[in-house]
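Novice: kindly return the folded structure for what I paste below:
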Amino acid sequence: MLTIGLYGIPDTTSALGTTFTHDHGVALMRDGRVLTVVELERYTGVKNDNRLPRFLSAIIAPWLQPGEDVRFVSVNTFVGDSFISDDGNLRIEPACEPGIPEILYPARCHWFPDGLTRRPAEAWVMCHEFAHVASALPFIGTFPYQALLAHVDGGASRSACSFWRWSEAGATCLHHAWDDLKDVVNNFNANPLARAILGEPPSAHLSVPGKLMGYSAHGVCTEEDYRWLRDQRWFLEHDDDPVRLLAAVNSRRSTPLAAFETHDAGLMGIAAAFQRAFEEQVSATILAQAARIGAIDLVYSGGAGLNIPTNRILTESGALRHVFIPPPASDTGLALGAAAWVEFLDHGPLPLHGPFLNRFGLPEGDEVTVDVERVAAFVADRRVVGLCTGAAEIGPRALGHRSLLARADDIDLRRRLSEGIKRREWYRPLAPVLCEEAARLVLGDVAADAPISRFMLGSWPVADAYRDAFRGVMHADGTIRAQVVRADDEDNRFLHGLLRCLWEKHDLPGVINTSFNPRGKPILHRHEDAMPMARSMGLDALVLPDRLEIL
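Specialist: Here you go, the predicted structure:
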């Protein structure tokens, strides 16, 4: 039985050039195992692509076997519940009106795989909210008993946040709502003042959250700014006129600004207020729901799961034993969550998978035959080295197969990599990667053992003795957003060996790890595209599975 999870209901482009569905994808599973995930942007090369109906038939055709039963699970969204491919070969329409607390809804399925002959296929429409949560299953196997399952995102199907309890009875919905967290979440993707400060148009709403999170770390939130923004309802109801927004900001300042300028300390403070509101309200809401049911384990997903300072509050609260956030916490994980949930219902706990699930169009196997000592010498010599090995990561974080590596102790090198090679804004931080052995000394056992440190989704303070080694990536509060590569990570053996070599032979406990892509483009996927991209970006060296290329 082939299970095909889909997230691909499109919307129309608004007059502002903004699309509200994004990160379409397909996940294919069989017998509890993930065959591949196809993030559409990696397939087409268009960032956040939302045109799955155009490409679906071609994407799934190579995976269909003669005579094999196929079932479809389509994730819904607030813009609709039905999926219809552009060629008309697949139609999935719910048999009744979907809503929460149900997770799966039977659907009518019209499928013509060859464009001519209808073939029977079972189908469901899946609740967007729970698809986020279920995207964790391939990485944890099953949900912990009596765990709180939480989703927080800008807009799912019927809510911006939902909370579920996992027990013998399965998943029970505790609460879902549009209003509880909608404002603070929208501050990170649809706030006119935040966009004006960063100089971003409304169409950039998908890139603003990460930028605002990074920018806010440079500011200090004052109580006066916090109260002012709260009283103005964070300017969410304001239009996108930068002149009027600047006038509103200047009315609070003794020295008026002539224009929005990201180096202004006052604007950094306003950004810090946005971040503080998000941290406080999201963490308080999640912890209150956990306390309500006595949960000490949290499985948390949705785009809000990418907000690192909030994740730190949750992990350091003392109220939770484990916090798990899957690598594709954003909408990139919805198709996987759909397929994984149906496979879980059939097979029970799933085999544990690593994050390297974008396998389409790539050679089998993750073995790298390049000499780690030679690569380590290049990194130690202040070179920027690209990695393109094996399958690609799922989600927005590069975790070792599509990465750019550089020394983490060199501020000038960090600027060259971030602002020069990747053309990112000055205020955006980079994150380091460490082998487990070094992480236990630099960050402590809690960080080294934390499930979210595998996926670069947490931050931890650096021990005083190692602060100089991470001065190029350390945040103002002395923390780093670290990825920790374990010795038993079978699909990341090359990176672990490289990190061990850098630690033991070059006294580098960690290095910068950022995604292999220029600004505005998806993360590199195909091996044959690595060399042209490396040359165009100006890298110093490139690691492919069988060779090291000096550029």
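
Novice: buried sites along the lowest-mean-pLDDT helix or strand in the chain?
Specialist: In the chain, no helix or strand scores lower on mean pLDDT, DSSP states H and E than helix 182-186, which sits at a mean of 89. For helix 182-186, burial by neighbour count (16 or more other C-beta atoms under 10 Å) applies to 182-186. Every C-beta, even on glycine, is put in place using the N, C-alpha and C of the backbone.

Novice: tell me which other helices or strands that helix touches.
Specialist: Counting contacts by 3 or more C-beta pairs under 8 Å, 6 or more residues apart in numbering; DSSP states H and E, the secondary-structure elements packed against helix 182-186 are helix 265-293.

Novice: identify all contacting residues around stretch 385-392.
Specialist: Contacts of stretch 385-392 with the rest of the structure, by C-beta atoms under 8 Å, 6 or more residues apart in numbering, involve 42, 356-359, 362, 365-368, 375, 378-379, 400-406, 491, 494-495, 516, 523-525, 527, 530, 533-534, 537, 539-545.

Novice: mind listing which of these are in strands?
Specialist: Among the contacts of stretch 385-392, the members found in strands (DSSP state E) are 402-406, 541-544.

Novice: neighbour-wise, give me the winner out of the residues you listed.
Specialist: residue 405 (31 neighbours; other C-beta atoms under 10 Å).

Novice: if I look at that residue, how far off is residue 441?
Specialist: Noted for residue 405: a distance of 20 Å to residue 441, by C-beta to C-beta, to the nearest Å.

Novice: also residue 290?
Specialist: 32 Å.

Novice: what of residue 119?
Specialist: When C-beta to C-beta is applied, the distance between residue 119 and residue 441 equals 57 Å.

Novice: what's the answer for residue 287, then?
Specialist: Taken as C-beta to C-beta, the spacing of residue 287 relative to residue 441 amounts to 31 Å.

Novice: look at those two and report which has more neighbours.
Specialist: Applying other C-beta under 10 Å to residue 287 and residue 441 shows that residue 287 carries more neighbours, namely 19 against 15.

Novice: list the contacts of the more buried one.
Specialist: When contacts are counted by C-beta under 8 Å, 6+ apart, residue 287 is found next to 314, 317, 319-320.

Novice: ok, so of the residues you listed, who is nearest residue 396?
Specialist: Distances from the contacts of residue 287 to residue 396 were compared by C-beta to C-beta; the smallest belongs to residue 314, at 19.3 Å.

Novice: next one: phi and psi at that closest one?
Specialist: Geometry field for residue 314 lists phi and psi as phi -60, psi -40, criterion degrees, to the nearest 10.

Novice: shouldn't residue 153 be in contact with residue 130?
Specialist: No - Residue 153 is beyond contact range of residue 130, at 12.0 Å (criterion: C-beta atoms under 8 Å).

Novice: who has more neighbours out of the two?
Specialist: Neighbours of residue 153 and residue 130, each counted by other C-beta under 10 Å, are more numerous for residue 130; the result is 28 against 24.

Novice: per-residue pLDDT of the more buried one, please?
Specialist: According to the model's per-residue confidence, residue 130 sits at a pLDDT of 98.

Novice: how far away is it from residue 104?
Specialist: Here the distance between residue 130 and residue 104 works out to 9 Å (C-beta to C-beta).

Novice: give the intersection of the neighbour lists for those two.
Specialist: The contact lists of residue 130 and residue 104 share residue 341, where a contact means C-beta under 8 Å, 6+ apart.

Novice: ok, residue 166 - how many residues close by?
Specialist: With other C-beta under 10 Å as criterion, residue 166 counts 21.

Novice: likewise for the one 5 residues further on?
Specialist: The burial metric for residue 171, expressed as a neighbour count using other C-beta under 10 Å, is 18.

Novice: one more: residue 485?
Specialist: Residue 485 has 28 neighbouring residues, counting by other C-beta under 10 Å.

Novice: wait, it touches residue 432, no?
Specialist: No - with contacts counted by C-beta under 8 Å, residue 485 stays clear of residue 432, the gap being 11.1 Å.
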